[in-house]
Every structure is written in C-alpha cells, then in structure tokens.
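S.K.: for reference, the sequence and a predicted model appear below.
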Amino acid sequence: MAPPTGVVDPGWEHGVALDDRKKKVKCNYCGKIVSGGIYRLKQHLARVSGEVTYCDKSPEDVSLRMKEILQQRCRSSATRKLRHHLEDSYNYGNGQYHEDDDDAEEEEEKRCKGKKQSFSLLRSSGYVDPGWEHGVAQDERKKKVKCNYCGKVVSGGINRFKQHLARIPGEVAPCKAAPEEAYAKIKENMKWHRAGKRQNVPDDGDVRALTAVSQDEEEEEEEYGRYSKDKRRSFVSEGRRPKRVKGSSFMSPPSSSRQIRTYTGCSRREVTSSISKFFHHVGVPLEAANSLYFRKMVELIGMYGEGYVVPSSQLLSGRLLHEEISTIKGHLREYRSSWIITGCSIHADTWTNAEGKTMISFLVSCPRGVYFHSSIDATDVAEDSLSLFKCLDKLVEDIGEENVVQVITQNTGVCRSAGKLLEEKRKNLYWSPCAMHSTELVLEDISKLEYVSECLEKSQRITRFIYSQTWLLNLMKNEFTQGMDLLRQETTRHASSFATLQTLMDHKANLRALFQSNSWILSQTSAAKSEEGREVEKTVSSAAFWKKVQYVLKSVDPVMQVIRMVGGERLSLPYAYGYMCRAKMAIKSIHSDDARKYGPFWRVIDYHWNSLFHHPLYVAAYFFNPAYRYRSDFMAHSEVVRGVNECIVRLEPDNARRITALMQIPDYTSAKGDFGTELAIGTRTELDPAAWWQQHGISCLELQRVAVRILSHTCCSVGCEPKWSVYDQVTGECQSRFARKSRRDAAYVHYNLRLREKQLKRRMHDDDDDEGPPPSSLNYVLLDRLLPDWLVTCEKEEEEGLEDEDRDVEEEENCYEDSGNVYGDGEDNVDVYNDDLSDED
C-alpha cells in the first residue's frame, strides 16, 4: 500500500536511492548497497537477520527506531488482514456451535485451514519470524541456519532452529549456550508445538516483556491444579467474542471430547468492586492501578477465561521470583554490551524511609537504560566520608572501573570528601555532584529571601485554610476549578512549593470568584466567620499580593526550567552547563540588568552551582555538544578548554590516543572534513549529541571515543521515586540470612520492574495515552513529604475542626442541595480529602 501523499518514509533519512525506481539504496553508515527498496534498508538498519546483512555501524538509536517502525508495520498490516480473514474462517462470532461429531470435525478442518492461511498472511504482510534474531541463514532457501550462540548449523529451516533454541527434544539437539531471555522468548513463540495452538497476531516485544510467562508449563499446571491444555478452549477470537446470553452459558455437546470454558456473565460492577476490595484489603498503593504490569495482568486473565487458578505465595516468592531475576539479568547483559562504547554512570540516590532511616539506592545508567543494583541502610554511612567512600569503591569494583565514567552523589560535604577519595584511587573516572540536588538547594535558599518567603507564607495560608474545610474544598472544585487541585507534586520539596505557587497564580480568577460567591458570603460556618477566613479572603482579593506572586514566579522560572530539564531528560549532561548559564542570564534580563534586584539570586546560584560550573565533565559536555559549540554565543572560557584537556587525560588511559585526540580538536572546532558536511551541519541540533558524534566523528576516532563517553550520561542521581520504596519501608529488621536474601531479591525485582516500566513508557511514547490518576486523588503520603507547609498537619487545627464538625454539617448540606459531586452525576459527594487528612493528623 502506497503511503499518503506528502509522507516521506523515515528510512530515507539514513539512505540514498541509486536508481529511479528506488530499488537500490545506499546506507549512509556502512556504505552497503541494499537491493529491495526502503523496506529492506530498514531491515538492514534494524539488524534483522535472515533477508539482508545487518549494519554494524548504525547508531543504537537509529537501530531501535527502525526496529520499532518494522514492528508497527507488521502489527498493523497483519492485524488488519488476520481480523478480516479470521472472521470468515472461524464461526465463533455468531455463537453457533455444532452438536454432532461430523460438524465438529468440519469446524476443526476450517479452523486449521484458516490458521495456515493466517500464517501465509503474516509472511506476506512483512512479518519477520523472531527466530531470525538469533541465527543466520547459510543458503538461499534458508533451510540451514547457524546459531549465533553455539555455532551449530541446524538443517530444516527456521522452525527446526527455534526448536533448537527452545530446547524442545526429539528432532534437534538443544542449545545450551543461548541466554535465558532468548530461550524464554522462543519457547513462548513455540508453545503451539506442544499445545496445538499459536498466537494469531505477533505481539510487540516491549509489551510482551511485561508479561511473566512460566518457563515450565507442565510443572505450573501441576502446581496450580488447572485443567489439561488439550481440554481447554477459548471462545474469544481475535476480532470479537460471542454474545453473552443472560442466565445461560455456552456448553459443549456431550459427545464432544473437548471441554469448553463457560462464560459466567458477571457484571462490570462486580469485577471493579472485587479489584477495589483487593487494593484496600492488602493495602496496595492506589497508584498501582496505573501500572502497565497491572493492566497487562488484567488483560491476560480476561483472555485466559474461566478456570484460571492464581499462583500460591510460595510459588510467587520462589520460582516465579527467580524467573523475574533471570529476566532482569538478561536486560542487564544487553546494557553491559553497550558500556564498551558509552560507559556507564553510578547513581547514589539518597532518601529517607518511613522509619526515618537514611537509605541509599545504587543505580547504574547508560543510554540503553537504568537498572537497580542494590540498596543499603546508610544511617551511619551518610555522616562518615570514609565509610561512604568504601561503599562507592566496592560498587565500582563490582561494575568494573573501565566501564564507569562518573559516580553521582548528593552535593554535601561528606559526599564531596568521599568523591575526592574515590578520584584519588580511581584515576579513570569522576565524582560528580547531583545537579538535581544542587538546584534544589538553590530553590531552598531562594525561598528564604525576605520577600519570597513572605509571598510563600501567605500562599500557604490560602491552601491550608481551603484544604482544612471540606465544604469549601468541594465548593472550589465543583464550581470554580473544574475538579482541579491547587497542590502540585514535583520531584523535590521546594520545586513542589514553587509549582504549587504557579498553580495558585493560574487559578487567581477562580479563587477570587470563590471568595466573592454567595456560597462563601452567606455561609454560616465558623470558618467563614473566623479571623483566619477573613484574612485569607483579604489576601486573595489583594492586587499587591498577586503582583508579588507574579514577580517571584518570573524570578524563579529559569531555575525551575533547569530542574525539570535535569529530571526529565534521559541524557541531560550535554545540556546542563548551557541551561545553567542561560538561567543566570535570564534572571538578569528579567530584572532589567539591575544588580540590586538580580544580585541576591545570583549569589545563591553561584554558591550552590559553583562546583558544577567548574566540573570538567560539565564543561567538556558543553564543549562537545554541537548544538552549543557552533553557536555564535558559545563561551570559550579558559575553564572550558581546561576541562576538555582534563577529561581526555582521565577518560583515555592510552597516552598515544590522548595525543591523537588532542590533535583532532581543531578539526572539530573549525568543522573540517566530516564535521562540516551539509548533513552534519543540518543535524547539529536535531540529533542527540552522542549520536551526532557517532555518525559524523568517523574521521577522528580517538576524539570520537572520548566525546561519546562524555555525552552519553545524565547528571542527576535521583532514579527511584519516593513512592517506589515499598520493601524498604514495610519490611523491618530481618534476622535470618534467608529472610535478608529474600528481602533483597524482592527489592531488586521491584525497583527494576519500575525502572523498566518507566523506560518502556518513554520508548513507546505511552505517557500521553496513560491517563494517570484523576485530579482529585492526590497522594497525601507523598504530599506530606513534599508540601508539609501547604497542608493542615497540626493537632490544634484538627481539634478545632472536630469541634466545628457538627455545627458545619447543616451548612454544608445547604451549600450542596442543588449541586452534584465533582463528576456531575448527582450522587452524594464523598470527599477523599477529609479521610486522608484525618488519617494523617
């Protein structure tokens, strides 16, 4: 099918057509001429074996993008054709089932015929068998396939080769060298071999990774007590399911040997209520409802149908847990393979658990992803630089010093001392202060400036008053803010404060309308008549107050942009120095270059960002980023040149390559050779800086190696969100060695699955599709940590609220006689905040 007019295939960004029909395309990276058009070039770039040799010089991001494009085309085309064909082939959609053996056999023949035609449709729509990712064809007919792991040449085609990988005995010798991830993936694909079934539509590899598939179906059935697979049959087809008849179920005829699952027909309300009971009974965080794993679990249970028996707790904590660990270690092997080129960063993420203990989570990141290594109780370590140094040094030894580019910790005195000790011992890596923590310290000191603190205190009085009055909060959300909250959560505490201040500014008109409404003016509640209520009303109506709020927000906005860039970008190091410089100049410009006005802000910034401004990695990343280096306002300070020289010496252990790299710098700065081509100039700001160097630094390989290792990293140590710390918060002291190991394994799987989900959402651009929690369901446990001054938490205010509760009930009912709840369905408005606040108070 031809693409719509005006749409250019993304593959043409990486190749050039050599004939009019565009059947021969030259790869921009390896120079190979690929026959077969743009689709075959994309297979070449995506490194899909079987039909074309893959490109080993294309950047990783290009390879991943081409693979995703091929998978999307395969899914859309195959699903469309299969759905149309299966509706004709299968007779499940009309709910008619034959009652005699002859009709059943005829139905089976039709189904088998439709299955064979479905596979041919898959092949014709561009579907590439997943087995070709692990082997290479040795002849034109692809009857002989060589295994990438053990080197064995398997005769019989791709199906026989997959039996070799899946270790299915009987027809071919099993592969003992294949990694566990490849074995599990191919075994899942080959389930039809034993069960007589096969998935009709290929799944997305990323989504399949969310599904925990058992490695031994027979053992699993024995433990679960399920029916035999050959006696199970689902009525759910690809396109539709049979109509549900109330009070009846589909039954198989007595003469049939097949046992058909029945459709019980429970209502959606019953299912939803059951899920709700589970969440509240076990105490599962409500944010878990937004988890990709939870949604995939519910989807697969629905597809399985009736008869599924949940695994026992022993199985979950035993074999299934170890299977998840094996899967995670398979991803880790993928990450390690890229460390030779990009290196990795070690993050020491410091946080406080529910018991008040200081914890440090150690993460390892690279452009391929982030994984959780371990977690320790650092209550004593955090105050002792020598103990912290020993922990970091042991971690570097475990990862491999040759792989580590930097170790990131908080920007405290203890961490700085430990970092210096580490750099003295390990000559080929850097200690780096966390840019997120440093910027949070900037916001903390800015909030202490006299006019800023005054503005924040008045704003906090507004939110404390509104959120302490249930009727007033419901009135605001129902009639003025369309269900939106005034509080806003960010990654850090003071960033959350200024984000909430921005929300107040956005709702300025709504807040004024609230305190000018008849519901407030005529209210007989004690809160409306109190001195605090009158003071809040006066503040909201004051034009001078809102002018100060606007002034503070304008002054802080450049710093907020830095903290969002550092926390949001996966590879933020190439942009950190430029963002910080621009933030300083923006603050100066906002205050009309008046040193009396911007001076206090600059002094705070210089105090906390000084270690970042002069850090060799930060200035070298600024220098090697083509988006900055070729701009007219590039700042070629002496510290930048000095930082570049120091990075080359520290990150390149070979002295001869150091000298060569230094001699290649003029070619880069003056854009000579490959650096000055039209393509290189046009992609300076479009490509990721590390990818730009991999593509255009091919004539300066020594300098390219150093630049890629510098530009492939982040500058933030925060990787695990506070609400992720489930196991460390809930589990107390473990005495036995077995209990400690079980706890570590559970935490290892928990953190890595959360990090994997975060990576999948980014890769699949699923953030826009994920609705997230509704505006009214704020996480008050997290808000108490991030916004303690913006909520009512003192016992005195709670006691006052209890005394006024009976007196206020009648007024609340009068206020809401004619108004519905937040969602407008006319039911009683049950407020979630009252319960949450009462529990916390």
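M.R.: Alright, I've got the coordinates.
S.K.: rest of the way, CA atoms for contacts and neighbours
M.R.: OK.
S.K.: any stretches of the stretch 151-300 of the chain with poor pLDDT?
M.R.: Across the stretch 151-300 of the chain, the stretches falling below the confidence threshold (pLDDT under 70) are 170, 191-265.
S.K.: next: the stretch 701-841 of the chain.
M.R.: 719-739, 762-786, 792-841.
S.K.: tell me, how many residues neighbour residue 506?
M.R.: The burial count assigned to residue 506 is 12, neighbours taken as other Cα atoms under 10 Å.
S.K.: make residue 1 into 9 and carry on from there
M.R.: Got it, first residue is 9 now, which makes that one residue 514.
S.K.: confidence score at it?
M.R.: At residue 514 the predicted local distance difference test score is 93.
S.K.: from residue 495, how far out is it?
M.R.: Note on residue 514: its distance to residue 495, by Cα to Cα, to the nearest Å, is 12 Å.
S.K.: how many other residues sit next to the residue nearest to residue 30 when sequence neighbours are not counted?
M.R.: Excluding its sequence neighbours, the residue lying closest to residue 30 (Cα to Cα, 6 or more residues apart in numbering) is residue 45, at 5.9 Å. Neighbours of residue 45 under the rule other Cα under 10 Å: 14.
S.K.: tell me where the stretch 309-458 of the chain has strands.
M.R.: Shown for the stretch 309-458 of the chain, the strands assigned by DSSP state E, counting those that start in this stretch span residues 352-360, 366-374, 377-385, 412-417, 438-441.
S.K.: let me redo that: the chain
M.R.: 23-25, 32-35, 41-43, 143-145, 152-155, 161-163, 352-360, 366-374, 377-385, 412-417, 438-441 (DSSP state E).
S.K.: make CSV out of these and add distance to residue 175.
M.R.: Formatted as CSV, the entries for the strands of the chain read as follows, by distance: least, Cα to Cα, whole Å:
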stretch, distance to residue 175
strand 23-25, 39
strand 32-35, 37
strand 41-43, 35
strand 143-145, 15
strand 152-155, 13
strand 161-163, 13
strand 352-360, 34
strand 366-374, 33
strand 377-385, 29
strand 412-417, 37
strand 438-441, 45
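S.K.: of the ones you listed, which approaches residue 658 most closely?
M.R.: Put simply, out of the strands of the chain the one that sits nearest residue 658 is strand 438-441, at 8.3 Å, with distance taken as Cα to Cα.
S.K.: strand partners of the closest one, parallel vs antiparallel please.
M.R.: strand 412-417 (parallel) (DSSP bridges).
S.K.: and the partner strand, how far out from the chain middle?
M.R.: Averaged C-alpha coordinates place strand 412-417 at 21 Å from its chain's average position (Cα atoms, centre = their mean, to the nearest Å).
S.K.: same check on stretch 50-64?
M.R.: For stretch 50-64 - counting by Cα atoms, centre = their mean - the centre lies 28 Å from the chain centre.
S.K.: same check, this time on stretch 414-434
M.R.: Offset of stretch 414-434 from its chain centre (Cα atoms, centre = their mean): 28 Å.
S.K.: in that stretch, what counts as buried?
M.R.: Within stretch 414-434, the residues that qualify as buried by neighbour count (16 or more other Cα atoms under 10 Å) are 414-419, 422-424, 426-431, 434.
S.K.: repeat that for stretch 568-580.
M.R.: 568, 570-571, 573-575, 578-580.
S.K.: from those, pick the one nearest residue 721.
M.R.: Distance to residue 721 across these (Cα to Cα) is lowest for residue 579, with 5.1 Å.
S.K.: what sits against the closest one?
M.R.: By Cα atoms under 8 Å, 6 or more residues apart in numbering, the contact set of residue 579 is 375, 719-723.
S.K.: that older thread, can you tell me which of the buried residues of stretch 568-580 are in helices?
M.R.: Judged by DSSP state H, helices contain the following of these: 568, 570-571, 573-575.
S.K.: out of those residues, who's nearest residue 292?
M.R.: Minimum separation from residue 292 among those (Cα to Cα) is found for residue 575, which lies at 26.7 Å.
S.K.: so the closest one makes contact with residue 724?
M.R.: Yes: between residue 575 and residue 724 a contact is recorded at 6.8 Å, counting by Cα atoms under 8 Å.
S.K.: what residues do the two have in common as contacts?
M.R.: Both residue 575 and residue 724 are in contact with residue 444, where contact means Cα under 8 Å, 6+ apart.
S.K.: residues near residue 33, how many?
M.R.: Neighbours around residue 33, by other Cα under 10 Å: 24.
S.K.: what about it, distance to residue 686?
M.R.: Look at residue 33 and residue 686: by Cα to Cα, they are 20 Å apart.
S.K.: same thing with residue 188?
M.R.: Residue 188 sits at a distance of 45 Å from residue 686 (criterion: Cα to Cα).
S.K.: neighbour-wise, which of the two wins?
M.R.: The residue with the greater number of neighbours, taking residue 188 and residue 686 and applying other Cα under 10 Å, is residue 188; the counts read 17 against 9.
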